[in-house]
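Colleague: Sequence first, predicted model second:
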Amino acid sequence: MPAELIDGVAVAKLVRADVARDTDALVRGGVTPGLTVVLVGEDPASAVYVRSKEKACVEAGMKGETIRLPADTPQAELLALIDRLNADATVHGILVQMPVPKHIDPQAVILRIAPEKDVDGFHPVNVGRVWIGEKSGFAPCTPAGVMVLLERAGVDVSGKNVVVLGRSNIVGKPMVSLLVAASATVTVCHSKTRDLPSVVRGADILIAAIGKPEFVTADMVKPGAVVIDVGINRVDDATQAKGYRLCGDVHFASVSQVASKITPVPGGVGPMTIAMLLKNTVRAAAQELAAGQAAGTA
Ligand code: NDP
(Lines give C-alpha, C1' and ligand atoms only; values in the text may rest on other atoms or scores of the structure.)
Protein backbone atom coordinates (compact mmCIF):
# COMPACT_ATOMS: atom_id res chain seq x y z
CA MET A 1 0.00 0.00 0.00
CA PRO A 2 1.43 3.41 -0.89
CA ALA A 3 2.58 5.56 2.02
CA GLU A 4 0.58 8.44 3.41
CA LEU A 5 2.01 11.79 2.30
CA ILE A 6 3.19 14.21 4.97
CA ASP A 7 2.20 17.56 3.51
CA GLY A 8 4.83 20.16 4.40
CA VAL A 9 3.01 22.95 2.60
CA ALA A 10 -0.10 22.46 4.76
CA VAL A 11 1.86 22.15 8.02
CA ALA A 12 3.99 25.20 7.19
CA LYS A 13 0.79 27.16 6.61
CA LEU A 14 -0.41 26.25 10.12
CA VAL A 15 2.94 27.29 11.64
CA ARG A 16 2.83 30.58 9.74
CA ALA A 17 -0.72 31.23 10.97
CA ASP A 18 0.54 30.69 14.57
CA VAL A 19 3.42 33.07 13.89
CA ALA A 20 1.04 35.71 12.49
CA ARG A 21 -1.09 35.44 15.65
CA ASP A 22 1.94 35.77 17.95
CA THR A 23 3.25 38.65 15.85
CA ASP A 24 -0.08 40.42 16.09
CA ALA A 25 -0.04 40.11 19.90
CA LEU A 26 3.48 41.57 20.04
CA VAL A 27 2.59 44.41 17.65
CA ARG A 28 -0.40 45.28 19.82
CA GLY A 29 2.03 45.42 22.76
CA GLY A 30 4.22 47.89 20.83
CA VAL A 31 6.90 45.56 19.43
CA THR A 32 7.10 44.59 15.74
CA PRO A 33 9.29 41.50 15.35
CA GLY A 34 12.01 42.21 12.81
CA LEU A 35 14.27 39.92 10.78
CA THR A 36 17.26 41.28 8.90
CA VAL A 37 18.79 39.07 6.25
CA VAL A 38 22.25 39.92 4.94
CA LEU A 39 23.16 38.71 1.48
CA VAL A 40 26.76 39.05 0.34
CA GLY A 41 27.24 38.59 -3.39
CA GLU A 42 24.85 37.54 -6.10
CA ASP A 43 24.48 33.79 -5.89
CA PRO A 44 21.17 33.26 -7.74
CA ALA A 45 19.88 30.46 -5.45
CA SER A 46 20.66 32.57 -2.36
CA ALA A 47 18.90 35.57 -3.90
CA VAL A 48 15.75 33.45 -4.37
CA TYR A 49 15.87 32.20 -0.73
CA VAL A 50 16.38 35.72 0.58
CA ARG A 51 13.44 37.10 -1.38
CA SER A 52 11.14 34.37 -0.07
CA LYS A 53 12.27 35.02 3.52
CA GLU A 54 11.54 38.73 3.21
CA LYS A 55 8.13 38.06 1.64
CA ALA A 56 7.22 35.52 4.35
CA CYS A 57 8.11 38.03 7.09
CA VAL A 58 5.91 40.70 5.61
CA GLU A 59 3.02 38.22 5.17
CA ALA A 60 3.27 37.33 8.87
CA GLY A 61 3.09 41.00 9.86
CA MET A 62 6.77 41.21 10.77
CA LYS A 63 9.41 43.63 9.59
CA GLY A 64 11.52 41.88 6.96
CA GLU A 65 14.60 43.69 5.70
CA THR A 66 17.33 42.53 3.34
CA ILE A 67 20.75 44.15 3.24
CA ARG A 68 22.56 43.33 0.00
CA LEU A 69 26.33 43.73 -0.03
CA PRO A 70 28.70 43.38 -3.00
CA ALA A 71 30.58 40.08 -3.34
CA ASP A 72 33.92 41.78 -2.57
CA THR A 73 32.77 43.23 0.77
CA PRO A 74 35.68 42.83 3.22
CA GLN A 75 35.02 40.52 6.17
CA ALA A 76 35.67 43.41 8.61
CA GLU A 77 32.89 45.42 6.98
CA LEU A 78 30.43 42.54 7.27
CA LEU A 79 31.36 42.01 10.94
CA ALA A 80 30.91 45.74 11.63
CA LEU A 81 27.44 45.55 10.06
CA ILE A 82 26.57 42.59 12.32
CA ASP A 83 27.74 44.65 15.34
CA ARG A 84 25.35 47.43 14.31
CA LEU A 85 22.47 44.99 13.87
CA ASN A 86 23.26 43.37 17.24
CA ALA A 87 22.88 46.83 18.83
CA ASP A 88 19.69 47.74 16.93
CA ALA A 89 16.65 47.20 19.16
CA THR A 90 14.28 46.98 16.17
CA VAL A 91 16.14 43.92 14.83
CA HIS A 92 15.24 40.69 16.65
CA GLY A 93 16.65 38.16 14.21
CA ILE A 94 19.81 38.34 12.10
CA LEU A 95 20.57 35.89 9.33
CA VAL A 96 23.60 36.00 7.08
CA GLN A 97 22.75 33.94 4.02
CA MET A 98 25.22 31.09 3.47
CA PRO A 99 27.36 30.38 1.58
CA VAL A 100 29.35 33.61 1.94
CA PRO A 101 32.09 34.40 -0.62
CA LYS A 102 35.33 32.48 -0.15
CA HIS A 103 37.32 35.35 1.40
CA ILE A 104 34.90 35.46 4.35
CA ASP A 105 35.16 32.93 7.18
CA PRO A 106 31.60 31.66 7.80
CA GLN A 107 32.45 30.67 11.37
CA ALA A 108 33.63 34.22 12.19
CA VAL A 109 30.29 35.49 10.89
CA ILE A 110 28.28 32.99 12.94
CA LEU A 111 30.26 33.80 16.09
CA ARG A 112 29.69 37.54 15.68
CA ILE A 113 25.87 37.34 15.73
CA ALA A 114 24.46 37.85 19.23
CA PRO A 115 23.09 34.43 20.30
CA GLU A 116 19.77 36.11 21.25
CA LYS A 117 19.38 37.23 17.59
CA ASP A 118 20.79 34.07 15.98
CA VAL A 119 17.50 32.79 14.58
CA ASP A 120 19.35 30.34 12.31
CA GLY A 121 20.52 28.56 15.47
CA PHE A 122 24.10 28.15 14.23
CA HIS A 123 25.93 30.01 17.04
CA PRO A 124 27.71 27.58 19.40
CA VAL A 125 25.80 29.09 22.34
CA ASN A 126 22.52 28.05 20.70
CA VAL A 127 23.95 24.67 19.69
CA GLY A 128 24.82 24.14 23.36
CA ARG A 129 21.51 25.46 24.68
CA VAL A 130 19.55 23.13 22.41
CA TRP A 131 21.81 20.18 23.29
CA ILE A 132 21.27 20.62 27.04
CA GLY A 133 17.55 21.30 26.56
CA GLU A 134 17.58 24.97 27.54
CA LYS A 135 14.34 26.42 26.17
CA SER A 136 15.80 29.84 25.29
CA GLY A 137 18.06 28.26 22.63
CA PHE A 138 17.24 28.51 18.94
CA ALA A 139 17.33 25.24 17.01
CA PRO A 140 18.28 25.37 13.32
CA CYS A 141 15.16 25.80 11.22
CA THR A 142 15.29 22.69 9.01
CA PRO A 143 15.60 20.06 11.78
CA ALA A 144 13.16 22.03 13.94
CA GLY A 145 10.76 21.87 10.99
CA VAL A 146 11.21 18.10 10.74
CA MET A 147 10.21 17.74 14.40
CA VAL A 148 7.03 19.76 13.80
CA LEU A 149 6.21 17.70 10.69
CA LEU A 150 6.58 14.46 12.65
CA GLU A 151 4.44 15.78 15.48
CA ARG A 152 1.67 17.03 13.17
CA ALA A 153 1.74 13.72 11.28
CA GLY A 154 1.04 11.96 14.59
CA VAL A 155 4.45 10.25 14.70
CA ASP A 156 5.67 9.82 18.27
CA VAL A 157 9.46 9.52 18.20
CA SER A 158 9.81 8.49 21.84
CA GLY A 159 11.57 5.12 22.13
CA LYS A 160 11.73 4.67 18.35
CA ASN A 161 14.86 3.78 16.40
CA VAL A 162 15.59 6.84 14.33
CA VAL A 163 18.37 6.85 11.75
CA VAL A 164 19.68 10.25 10.67
CA LEU A 165 21.51 10.05 7.37
CA GLY A 166 24.04 12.93 7.34
CA ARG A 167 25.95 14.75 10.07
CA SER A 168 26.20 18.36 8.89
CA ASN A 169 26.10 21.20 11.40
CA ILE A 170 22.93 22.61 9.86
CA VAL A 171 20.83 19.46 9.53
CA GLY A 172 22.22 16.13 10.76
CA LYS A 173 23.78 17.10 14.11
CA PRO A 174 21.00 19.41 15.33
CA MET A 175 18.50 16.76 14.19
CA VAL A 176 20.20 14.33 16.58
CA SER A 177 20.01 16.89 19.37
CA LEU A 178 16.25 17.43 18.95
CA LEU A 179 15.51 13.71 18.57
CA VAL A 180 17.47 12.76 21.69
CA ALA A 181 15.60 15.46 23.61
CA ALA A 182 12.37 13.85 22.38
CA SER A 183 13.54 10.45 23.72
CA ALA A 184 14.27 8.75 20.41
CA THR A 185 17.06 6.19 20.10
CA VAL A 186 19.23 7.78 17.46
CA THR A 187 21.84 6.42 15.04
CA VAL A 188 23.76 8.79 12.78
CA CYS A 189 25.12 7.62 9.44
CA HIS A 190 27.69 9.40 7.27
CA SER A 191 30.19 8.69 4.53
CA LYS A 192 32.29 6.44 6.80
CA THR A 193 29.41 4.29 8.02
CA ARG A 194 29.99 0.60 7.33
CA ASP A 195 27.18 -1.38 5.70
CA LEU A 196 24.95 1.66 5.65
CA PRO A 197 21.93 -0.11 4.05
CA SER A 198 21.64 -2.54 6.94
CA VAL A 199 21.87 0.29 9.51
CA VAL A 200 19.23 2.27 7.64
CA ARG A 201 16.99 -0.82 7.45
CA GLY A 202 16.82 -0.82 11.26
CA ALA A 203 15.05 2.56 11.29
CA ASP A 204 11.47 3.00 12.45
CA ILE A 205 11.94 6.58 11.32
CA LEU A 206 14.49 7.58 8.68
CA ILE A 207 15.64 11.15 8.17
CA ALA A 208 17.69 11.53 5.00
CA ALA A 209 19.92 14.59 4.65
CA ILE A 210 22.98 13.77 2.56
CA GLY A 211 22.55 15.71 -0.66
CA LYS A 212 22.68 12.64 -2.92
CA PRO A 213 19.75 12.40 -5.36
CA GLU A 214 17.46 9.40 -4.72
CA PHE A 215 20.15 7.64 -2.68
CA VAL A 216 17.74 5.79 -0.39
CA THR A 217 15.98 2.99 -2.24
CA ALA A 218 13.12 0.72 -1.18
CA ASP A 219 15.41 -2.19 -0.26
CA MET A 220 17.03 0.05 2.42
CA VAL A 221 13.76 0.83 4.16
CA LYS A 222 11.95 -1.29 6.73
CA PRO A 223 8.33 -1.86 5.68
CA GLY A 224 6.11 0.57 7.57
CA ALA A 225 8.91 3.02 8.41
CA VAL A 226 8.32 6.77 8.41
CA VAL A 227 10.60 8.52 5.90
CA ILE A 228 11.49 12.20 6.04
CA ASP A 229 13.42 13.46 3.03
CA VAL A 230 15.39 16.65 3.73
CA GLY A 231 17.36 16.53 0.49
CA ILE A 232 16.84 19.06 -2.26
CA ASN A 233 18.76 18.13 -5.39
CA ARG A 234 18.62 19.32 -8.96
CA VAL A 235 18.96 16.60 -11.56
CA ASP A 236 19.11 17.08 -15.32
CA ASP A 237 15.82 16.23 -16.99
CA ALA A 238 15.36 17.02 -20.67
CA THR A 239 11.59 16.42 -20.40
CA GLN A 240 11.21 19.50 -18.16
CA ALA A 241 11.01 23.00 -19.65
CA LYS A 242 13.73 24.17 -17.23
CA GLY A 243 15.98 21.24 -18.18
CA TYR A 244 16.07 19.91 -14.63
CA ARG A 245 13.82 18.60 -11.88
CA LEU A 246 14.07 18.69 -8.11
CA CYS A 247 14.33 15.50 -6.13
CA GLY A 248 15.19 14.43 -2.64
CA ASP A 249 17.73 12.04 -1.16
CA VAL A 250 15.06 9.32 -1.24
CA HIS A 251 13.87 7.44 -4.31
CA PHE A 252 10.27 8.49 -3.79
CA ALA A 253 8.58 6.18 -6.32
CA SER A 254 9.93 2.98 -4.77
CA VAL A 255 10.23 4.01 -1.10
CA SER A 256 6.66 5.30 -0.99
CA GLN A 257 5.57 1.71 -1.72
CA VAL A 258 7.13 0.37 1.52
CA ALA A 259 7.03 3.32 3.96
CA SER A 260 3.96 4.09 6.06
CA LYS A 261 4.41 7.87 5.80
CA ILE A 262 6.72 9.93 3.62
CA THR A 263 7.49 13.55 2.77
CA PRO A 264 7.56 14.56 -0.91
CA VAL A 265 10.21 16.77 -2.53
CA PRO A 266 9.27 19.49 -3.19
CA GLY A 267 6.47 20.17 -0.71
CA GLY A 268 7.81 18.33 2.34
CA VAL A 269 10.57 19.66 4.57
CA GLY A 270 11.41 22.65 2.33
CA PRO A 271 8.41 24.85 3.21
CA MET A 272 8.98 24.18 6.92
CA THR A 273 12.39 25.86 6.96
CA ILE A 274 11.11 29.40 6.35
CA ALA A 275 8.11 28.82 8.64
CA MET A 276 10.48 27.87 11.48
CA LEU A 277 12.68 30.88 10.75
CA LEU A 278 9.65 33.11 11.30
CA LYS A 279 8.82 31.19 14.46
CA ASN A 280 12.34 31.67 15.81
CA THR A 281 12.21 35.40 15.00
CA VAL A 282 8.90 36.01 16.75
CA ARG A 283 10.24 34.09 19.76
CA ALA A 284 13.43 36.18 19.73
CA ALA A 285 11.27 39.31 19.87
CA ALA A 286 9.13 37.90 22.69
CA GLN A 287 12.21 36.81 24.66
CA GLU A 288 13.82 40.23 24.25
CA LEU A 289 10.64 41.94 25.37
CA ALA A 290 10.40 39.66 28.42
CA ALA A 291 14.09 40.25 29.26
CA GLY A 292 13.56 44.03 28.97
CA GLN A 293 10.52 43.89 31.23
CA ALA A 294 12.39 41.73 33.78
CA ALA A 295 15.30 44.22 33.76
CA GLY A 296 12.82 47.09 34.22
CA THR A 297 11.24 45.52 37.28
CA ALA A 298 14.53 44.34 38.84
P1 NDP B 1 26.23 18.47 3.69
O2 NDP B 1 26.85 18.25 2.37
O3 NDP B 1 26.74 19.57 4.57
O4 NDP B 1 26.31 17.10 4.52
C5 NDP B 1 26.03 15.88 3.91
C6 NDP B 1 26.18 14.77 4.92
O7 NDP B 1 25.85 13.56 4.26
C8 NDP B 1 27.58 14.61 5.47
O9 NDP B 1 27.52 14.31 6.84
C10 NDP B 1 28.16 13.45 4.67
O11 NDP B 1 29.04 12.62 5.40
C12 NDP B 1 26.91 12.62 4.40
N13 NDP B 1 27.06 11.87 3.15
C14 NDP B 1 27.33 12.35 1.93
N15 NDP B 1 27.38 11.33 1.04
C16 NDP B 1 27.15 10.19 1.73
C17 NDP B 1 27.06 8.83 1.37
N18 NDP B 1 27.23 8.43 0.11
N19 NDP B 1 26.80 7.93 2.33
C20 NDP B 1 26.62 8.33 3.62
N21 NDP B 1 26.67 9.62 4.02
C22 NDP B 1 26.93 10.54 3.08
O23 NDP B 1 24.69 18.64 3.40
P24 NDP B 1 23.53 19.39 4.25
O25 NDP B 1 23.33 18.72 5.55
O26 NDP B 1 23.74 20.84 4.19
O27 NDP B 1 22.29 19.09 3.29
C28 NDP B 1 21.83 17.77 3.04
C29 NDP B 1 20.69 17.83 2.05
O30 NDP B 1 19.61 18.56 2.61
C31 NDP B 1 21.02 18.56 0.73
O32 NDP B 1 20.31 17.93 -0.31
C33 NDP B 1 20.49 19.96 0.95
O34 NDP B 1 20.14 20.59 -0.26
C35 NDP B 1 19.28 19.66 1.78
N36 NDP B 1 18.84 20.78 2.63
C37 NDP B 1 17.52 21.06 2.61
C38 NDP B 1 17.02 22.07 3.40
C39 NDP B 1 15.57 22.32 3.38
O40 NDP B 1 15.15 23.42 3.69
N41 NDP B 1 14.75 21.31 3.06
C42 NDP B 1 17.90 22.89 4.23
C43 NDP B 1 19.27 22.43 4.27
C44 NDP B 1 19.71 21.41 3.46
P45 NDP B 1 30.49 13.12 5.94
O46 NDP B 1 30.19 14.01 7.09
O47 NDP B 1 31.15 11.86 6.33
O48 NDP B 1 31.10 13.84 4.79
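Modeller: Yep, it's here.

Colleague: Every contact and neighbour count from this point should use C-alpha atoms.
Modeller: Fine.

Colleague: For the stretch 151-298 of the chain, which segments count as strands?
Modeller: Taking DSSP state E, counting those that start in this stretch to define them, one finds strands in the stretch 151-298 of the chain at 161-165, 185-189, 205-208, 226-229, 233-236, 244-247, 261-262.

Colleague: looking at those strands, which is buried most?
Modeller: strand 226-229 (a mean of 28; mean count of other C-alpha atoms under 10 Å).

Colleague: for it, what is the average pLDDT?
Modeller: Averaging pLDDT along strand 226-229 gives 99.

Colleague: Any part of that strand near the ligand?
Modeller: No. Strand 226-229 is not in contact with the ligand by C-alpha under 6 Å from any ligand atom; minimum separation 8.0 Å.

Colleague: Counting by contacts, list what that strand packs against.
Modeller: strand 205-208, strand 261-262 (3 or more C-alpha pairs under 8 Å, 6 or more residues apart in numbering; DSSP states H and E).

Colleague: mind listing what that strand pairs with, with the direction of each?
Modeller: strand 205-208 (parallel), strand 261-262 (parallel) (DSSP bridges).

Colleague: what residue ranges in the protein are flagged as low confidence?
Modeller: The chain contains residues with pLDDT under 70 at 1, 298.

Colleague: Show me the domain layout of it.
Modeller: Domain assignment of the chain by automatic domain parsing yields the ranges 30-115, 141-269.

Colleague: Do a quick rundown of the helices in the stretch 101-250 of the chain.
Modeller: 106-112, 124-131, 141-152, 172-181, 196-201 (DSSP state H, counting those that start in this stretch).

Colleague: Residues of the protein that sit close to the ligand?
Modeller: Counting by C-alpha under 6 Å from any ligand atom, the chain sits next to the ligand at 142, 166-168, 170-172, 189-192, 209-211, 230-233, 269-270, 273.

Colleague: Of these, grab the buried ones for ChimeraX.
Modeller: In ChimeraX, a selection of the buried entries from the residues of the chain next to the ligand looks like this (16 or more other C-alpha atoms under 10 Å):
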select :142,166,167,170,171,172,189,209,210,211,230,231,232,233,269,270,273
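
Colleague: about what we covered before: need the helices of the stretch 101-250 of the chain in JSON lines (columns: distance to residue 69).
Modeller: What follows is the helices of the stretch 101-250 of the chain, written out as JSON lines (distance: least, C-alpha to C-alpha, whole Å):
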{"stretch": "helix 106-112", "distance to residue 69": "14"}
{"stretch": "helix 124-131", "distance to residue 69": "25"}
{"stretch": "helix 141-152", "distance to residue 69": "24"}
{"stretch": "helix 172-181", "distance to residue 69": "29"}
{"stretch": "helix 196-201", "distance to residue 69": "42"}
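
Colleague: Compare those helices and report which one is nearest to residue 60.
Modeller: helix 141-152 (16.7 Å; C-alpha to C-alpha).

Colleague: okay, the angle between the closest one and helix 172-181?
Modeller: Comparing the axes of helix 141-152 and helix 172-181 via axes from the mean of the first three to the mean of the last three C-alpha atoms, to 10 degrees yields an angle of 30 degrees.

Colleague: got the buried residues for helix 141-152?
Modeller: By neighbour count on 16+ other C-alpha under 10 Å, the buried set for helix 141-152 is 141, 142, 143, 144, 145, 146, 147, 148, 149, 150.

Colleague: Not counting its neighbours along the chain, what's nearest the third one?
Modeller: So the one you mean is residue 143. residue 175 (5.0 Å; C-alpha to C-alpha, 6 or more residues apart in numbering).

Colleague: Quick check: that neighbour vs the ligand, distance?
Modeller: From residue 175 over to the ligand the distance is 10 Å, taken as C-alpha to the nearest ligand atom, to the nearest Å.

Colleague: Cool, thanks, talk later.
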